[in-house]
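Engineer: Quick one: sequence plus predicted model below, questions after.
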Amino acid sequence: MKRLLFTTLALAFASTLAAVETVWLDTLDLQSLHQSWGHPQINRSMREKPLTIAGQVYERGLGTHATSTFRILLNRGTERFTASVGLDDAAGTDGSVVFQVLADGKRVYSSGAMKRGQAAKLVDVDLRGVRTLQLLVTDAGDGITNDHGNWADARFTVSGAKPIAYVVPPEAPYLLTPKAGPAPRINGPLVYGARPGHPFLYRIPTQGTRPMMFVAAGLPATLKLDPTTGIITGLTPPRGEYALTLTAKNGAGQATRPLKLVSGDTLSLTPQMGWNHWYAHYNRVTDVMMREAADILLRTGMAEVGYDYVNIDDCWMNAEADAKRKPDPLRIGPFRDAAGRLRPNQHFPDMKGLADYIHARGLKAGLYTSPGPKTCAGFAGAYQHEADDARLFAEWGFDFLKYDWCTYGTLVTKPTPLDEMQKPYRLMGDLLRQQPRDMVFNLCQYGMGDVWQWGAEIGGQSWRTAGDLGFELDRIFEVALKNIEHRDWQKPGAWNDPDYLQIGYVGNARGEGLPEPCNLTPTEQYSFMSLWSLMSSPLFFSGDLAKLDDFTLNVLCNPDVIAVNQDPLGQCARVVKLDDEVFLLVKDLADGTKAVGLCNAREAPVTVTAKWTDVGVSGKQAVRDLWRQKELGTFATEFKSEVRRRGVVMIKVGAP
Ligand code: GAL
């Protein structure tokens, strides 16, 4: 008996021993490794040389580029992951990255910021019982230039199921937003700010069959409404608050909605909405494209739910001939004329005409420049011509300026003291305020110097809180959570901007290639819109308008969801963490109800519970499904819902 037991144990031990094996990271299928630049390299660096960290050469491993994400299914079969990580010696000097390992969504390793020449750090993590693993290389907060991160000598010690690269399950598009009916539905903000005595333009966003008749009761004498288009123009009345009642009527019915017009100093009392060309067309943008964009906003109904800015990004000015960047010849030319006046390139023959065209449709026009001598894409910047340029933009009739940082960085000391960092924005902020028209000011300096703390004070209405989101599209949940960290600084007229809605057809974030379907699943695209709405983030769609399909319009154009974004309180939702990758977003609304997002950042569906104690309400509560625009009944203590992989269920809690 004893002998039998011994033999059995010995056999079991031997089979355990035999089962432990090494699986090298570089043998996994790399199709699902997403990175912001180039392709992952097997057993060599991004520069196609031997993997080398601080002089040490490694035979095996992966050469990747930040931002990179590699999701791996372990299915509880792996015991350890070990690797030596660091920046490759062949990268330029200014790279810096952070290596992270996430086990079932929980961070189990972070290298901290690493620079080139720094000795490799050893990763050694216990992964027993873990289902999914993520290997991340992030940009350490300073952009992705030269971020060649190596996972050298990277291997799994496996005793059960072998690790396999995770491939996102395909998902067919589905429509949540009900079709708008024929009767009028007035959308748009409930409160609108403008500066006294300036030109006023507001188009009442209204769904429903045309023709339609509009009435605006309480309209001050300085303004007039075109009753057939619903466009209000004139001059903003003297300082004060004006309670308007808007009515729209057609053969199918009538709708009424209040609008509080606040004539004062604060613009953008609700987050800006519109379209920006960048992530669809990059340096291919033309005047024709911008005019078409205005028409498409009207034709598709996007304008009827509130998208009203039509914004040109970089590349509308001239560039110098450049053998490396090879700008389009029609975009090469002198930056300014003899009098110092900025010259748009040949694709923009008539900037005033373009702004007029957009205004004639009741929409607003925006443009972009940089405080440096050149913009990020190498076009003329505003440096030393700030006053001329601000005046010119106002003269042309633009309503919005996005002000980047690029090339200004070459003019300042490093590390840059806060006042030097603020200087160009303070200057442009003052200049814009001096113009005889309302010009919204968006600071695009990626969150430097904690811009959310001072962006409003120097005249901004919104500021980017991070680098380009195009490089991190598969991390929208993580990007949102990071943006929410600055929620206390956000208020009406002062918005944190986590970058544009990049859904539908978008181009590669490096500006190469024509727009293609983005690599977010339909659920992730709904999540994008849900998160941005719950955060009260500016809603700029930056995909290809010419390729809008029913699905993308369905995501962009749900007035109930947009109403959460445009809520007059302007609150950014707070996070209630339920586990590492599951959380609630809870946002107070002006009518006393709460908007709640049941958020699942996991790779698998999960049931999420919104307990009333977490939401901050008690007693019976009415619940409305905001995407489906459907009342779900009343619930005594909590609301529970299955949430798809990387999905958000958005509800409104409490009777209005
Ligand atoms: C980046 C900016 C992008 C885009 C680009 C233009 O710095 O973050 O949103 O404007 O410049 O070159």
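Structural biologist: All right, it came through fine. Numbers count the residues shown, from 1 in each chain.

Engineer: how about the residues of this structure near the ligand?
Structural biologist: Within the chain, the positions near the ligand by Cβ under 6 Å from any ligand atom are 278, 313-314, 368, 375-377, 404, 406, 444, 468. To be clear about C-beta, it is placed using only N, CA and C from the backbone, and glycine gets the same treatment.

Engineer: Out of those residues, name the ones that lie in strands.
Structural biologist: Among the residues of the chain next to the ligand, the residues falling in strands (DSSP state E) are Y368.

Engineer: Out of the residues of the chain next to the ligand, which is nearest to V262?
Structural biologist: Nearest to V262 among the residues of the chain next to the ligand: C444, at 26.4 Å, using Cβ to Cβ.

Engineer: So which of the residues of the chain next to the ligand are in helices?
Structural biologist: Those of those mapping onto helices are W278, per DSSP state H.

Engineer: ok, the residues of the chain next to the ligand vs W151, which is closest?
Structural biologist: Proximity of those to W151 (Cβ to Cβ) peaks at D468, which lies at 23.9 Å.

Engineer: Burial check on the closest one, number of neighbours?
Structural biologist: D468: 22 surrounding residues under other Cβ atoms under 10 Å.

Engineer: Touching, it and A509? I think so.
Structural biologist: Yes - judged on Cβ atoms under 8 Å, D468 makes contact with A509 at a distance of 5.9 Å.

Engineer: For the stretch 401-550 of the chain, which segments count as strands?
Structural biologist: Taking DSSP state E, counting those that start in this stretch, the strands of the stretch 401-550 of the chain run over residues 440-443, 462-464, 495-497, 505-506, 516-517, 539-541.

Engineer: Pick out the shakiest of these, pLDDT-wise.
Structural biologist: In terms of average pLDDT, strand 516-517 trails the rest of the strands of the stretch 401-550 of the chain, at a mean of 92.

Engineer: in stretch 605-615, what counts as buried?
Structural biologist: 606, 608, 610, 612, 614-615 (16 or more other Cβ atoms under 10 Å).

Engineer: ok, now how distant is the residue nearest the centre of the chain from V479?
Structural biologist: Centroid-nearest residue in the chain: D499, 3.5 Å away (criterion: Cα atoms, centre = their mean). Per Cβ to Cβ, to the nearest Å, D499 is found 8 Å from V479.

Engineer: So for the two, which residues contact both of them?
Structural biologist: Residues touching both D499 and V479 (Cβ atoms under 8 Å, 6 or more residues apart in numbering): 466, 469.

Engineer: Quick check: next helix or strand after the lowest-mean-pLDDT helix or strand in the chain?
Structural biologist: Least confident helix or strand of the chain, by mean pLDDT, DSSP states H and E, is helix 2-19 with a mean of 50. Following helix 2-19 in sequence order, the next helix or strand is strand 21-24 (DSSP states H and E).

Engineer: Run me through the strand neighbours of that following strand, direction for each.
Structural biologist: Counting by DSSP bridges, the strands paired with strand 21-24 are strand 148-158 (antiparallel).

Engineer: Can you mark which positions in the strand it pairs with are buried?
Structural biologist: 148-156, 158.

Engineer: tell me the average confidence for that strand?
Structural biologist: Computed over strand 148-158, the average pLDDT equals 98.

Engineer: mind saving the C-alpha coords of that strand as CSV?
Structural biologist: Coordinates of each C-alpha in strand 148-158 appear next as CSV, following Å, rounded to 0.1, in the frame of the first residue of the first chain:
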residue,chain,number,x,y,z
HIS,A,148,12.0,52.0,-28.8
GLY,A,149,11.2,49.7,-25.9
ASN,A,150,12.7,46.2,-25.7
TRP,A,151,11.2,43.2,-23.9
ALA,A,152,14.5,41.3,-24.0
ASP,A,153,14.9,37.7,-22.8
ALA,A,154,11.2,37.7,-22.3
ARG,A,155,9.7,34.3,-21.4
PHE,A,156,6.9,32.5,-19.6
THR,A,157,7.3,29.6,-17.2
VAL,A,158,4.3,27.5,-18.1
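
Engineer: Contacts for the helix or strand just after that strand next, please.
Structural biologist: The helix or strand immediately downstream of strand 148-158 is strand 164-165, counting by DSSP H and E. With contact meaning Cβ under 8 Å, 6+ apart, strand 164-165 is reached by 28-33, 70-73.

Engineer: same deal with stretch 43-62?
Structural biologist: 24-26, 30, 33, 38, 40-42, 63-65, 83-91, 117-120, 148, 150-155.

Engineer: Can you give me the end-to-end span of it?
Structural biologist: 6 Å (Cα to Cα, to the nearest Å).

Engineer: what's the average pLDDT for it?
Structural biologist: 97.

Engineer: buried ones in that stretch?
Structural biologist: For stretch 43-62, burial by neighbour count (16+ other Cβ under 10 Å) applies to 44-47, 50-53, 58, 60-62.

Engineer: Adding distance to D399 as columns, could you present the residues you listed in TSV?
Structural biologist: Below are those laid out as TSV (distance: Cβ to Cβ, whole Å):
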residue	distance to D399
R44	50
S45	47
M46	42
R47	45
P50	54
L51	51
T52	52
I53	50
Y58	54
R60	56
G61	51
L62	47
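
Engineer: Nearest to the ligand: which residue in the stretch 1-150 of the chain?
Structural biologist: Of all residues in the stretch 1-150 of the chain, G143 sits closest to the ligand, at 8.6 Å by Cβ to the nearest ligand atom.

Engineer: quick one: contacts for that residue?
Structural biologist: For G143, the contact set (Cβ under 8 Å, 6+ apart) comprises 446, 467.

Engineer: Tell me the secondary structure at it.
Structural biologist: When classified by DSSP: H, G, I helix; E, B strand; the rest coil, G143 comes out as coil.

Engineer: how about the nearest residue to the one residue in the stretch 501-650 of the chain that gets nearest to the ligand, chain neighbours excluded?
Structural biologist: Closest contact between the stretch 501-650 of the chain and the ligand, by Cβ to the nearest ligand atom, is at G511 (7.7 Å). Once flanking residues are discounted, G511 sits nearest to Y282: 3.7 Å by Cβ to Cβ, 6 or more residues apart in numbering.

Engineer: and what of I186?
Structural biologist: Nearest to I186 is R257, by Cβ to Cβ, 6+ apart, at 4.0 Å.

Engineer: Run the chain-centre distance for stretch 525-537.
Structural biologist: The chain centroid and the centroid of stretch 525-537 are separated by 9 Å, computed with Cα atoms, centre = their mean, to the nearest Å.

Engineer: returning to what we had before: I'd guessed the residue nearest to the centre of the chain sits against A466; true?
Structural biologist: Yes - between D499 and A466 there is a contact under Cβ under 8 Å: 7.1 Å.

Engineer: Mutual contacts of these two, please.
Structural biologist: In contact with both D499 and A466: V479, using Cβ under 8 Å, 6+ apart.

Engineer: which intervals of the stretch 101-250 of the chain have sub-threshold pLDDT?
Structural biologist: Residues of the stretch 101-250 of the chain meeting the criterion pLDDT under 70: none.

Engineer: residue boundaries of the strands in it?
Structural biologist: Applying DSSP E, counting those that start in this stretch to the stretch 101-250 of the chain gives strands spanning 106-110, 114-115, 121-126, 132-138, 148-158, 164-165, 185-186, 191-194, 199-203, 206-207, 213-217, 223-226, 231-235, 240-250.

Engineer: Cool, thanks, talk later.
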